[in-house]
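Asks: predicted model follows, preceded by the sequence.
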Amino acid sequence: MNTRIAMSAAVPALLLSAALAGCSDDTTDDSAAPPAQAPSSAAAAASSNAPSSAAPSAKTSAKTSAAAGCPVTAAVLEKAFKANAEVAGALVLGKGLTNVSCYQGWATAVTQPTNVDTAVVLFKYDTAKKAWAALIGGTDGVCRDTVPADVATHLAGCQN
């Protein structure tokens, strides 16, 4: 009974390949070669990420290194916040940071103070040190004149 199932599946496949082979215009005999398949998206991604002998463009290198810090957790950003005495002294952290957003080496997070307004804190990833640094914080315009416009649209709190 298992032989019948295998045969019934093999016969249509054989007939289909024979029919398709008869429609070919090439003169080469591909009947022994397995049918070509389009690469899967995972294989295509792997081949696009494979190292090449060509030097990467400056734009590609910058994007790759700038995005190196993302994603990032609130705990990591809180360490960076506390490490910058000027920013930490100007804002009340409260229960910690929340609403973390990260894009191409830039991040924002919101403080959770009690009895005061929340503030947005802006962070930048330092690729040389492989660490985050708190740059500035406030309730309005934190990203203005600091974050590139195409990056700011991806960060919560940078739309003002």
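Replies: Here it is on my side, so go on.
Asks: my guess is Thr118 contacts Val110. True?
Replies: Yes - at 5.2 Å, Thr118 counts as touching Val110 under the criterion of C-beta atoms under 8 Å. C-beta here means a position set from N, CA and C on the backbone, and glycine is covered the same way.
Asks: neighbour count winner among those two?
Replies: Val110 (20 against 16; other C-beta atoms under 10 Å).
Asks: the more buried one: what secondary structure?
Replies: With DSSP: H, G, I helix; E, B strand; the rest coil as the basis, Val110 sits in strand.
Asks: likewise Val87?
Replies: The local conformation at Val87, judged by three-state DSSP, is helix.
Asks: so what pLDDT did it get?
Replies: Listed pLDDT for Val87 reads 96.
Asks: assumed Val147 was part of a strand.
Replies: No - Val147 is assigned coil when assessed by three-state DSSP, not a strand.
Asks: and the lowest mean pLDDT element among the helices and strands of the protein?
Replies: helix 41-49 (a mean of 36; mean pLDDT, DSSP states H and E).
Asks: can you get me a residue count around Gly157?
Replies: Counted with other C-beta under 10 Å, Gly157 comes out at 22.
Asks: so where do the strands sit in the chain?
Replies: 97-103, 106-111, 120-126, 131-138 (DSSP state E).
Asks: what pairs with the longest one, parallel or antiparallel?
Replies: When pairing is defined by DSSP bridges, strand 131-138 lines up against strand 120-126 (antiparallel).
Asks: before we move on, back to that, redo the strands of the chain as a markdown table? Include mean pLDDT.
Replies: Below are the strands of the chain laid out as a markdown table (pLDDT from 0 to 100):
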| stretch | mean pLDDT |
| --- | --- |
| strand 97-103 | 97 |
| strand 106-111 | 98 |
| strand 120-126 | 97 |
| strand 131-138 | 97 |
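Asks: most tightly packed of those strands?
Replies: strand 106-111 (a mean of 25; mean count of other C-beta atoms under 10 Å).
Asks: what helices or strands is it leaning on?
Replies: Packing contacts for strand 106-111, counted by 3 or more C-beta pairs under 8 Å, 6 or more residues apart in numbering; DSSP states H and E, involve helix 74-83, strand 97-103, strand 120-126.
Asks: make a markdown table out of the ones you listed and add distance to Gly141.
Replies: Converted to a markdown table, the helices and strands packed on strand 106-111 look like this (distance: least, C-beta to C-beta, whole Å):
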| stretch | distance to Gly141 |
| --- | --- |
| helix 74-83 | 19 |
| strand 97-103 | 17 |
| strand 120-126 | 9 |
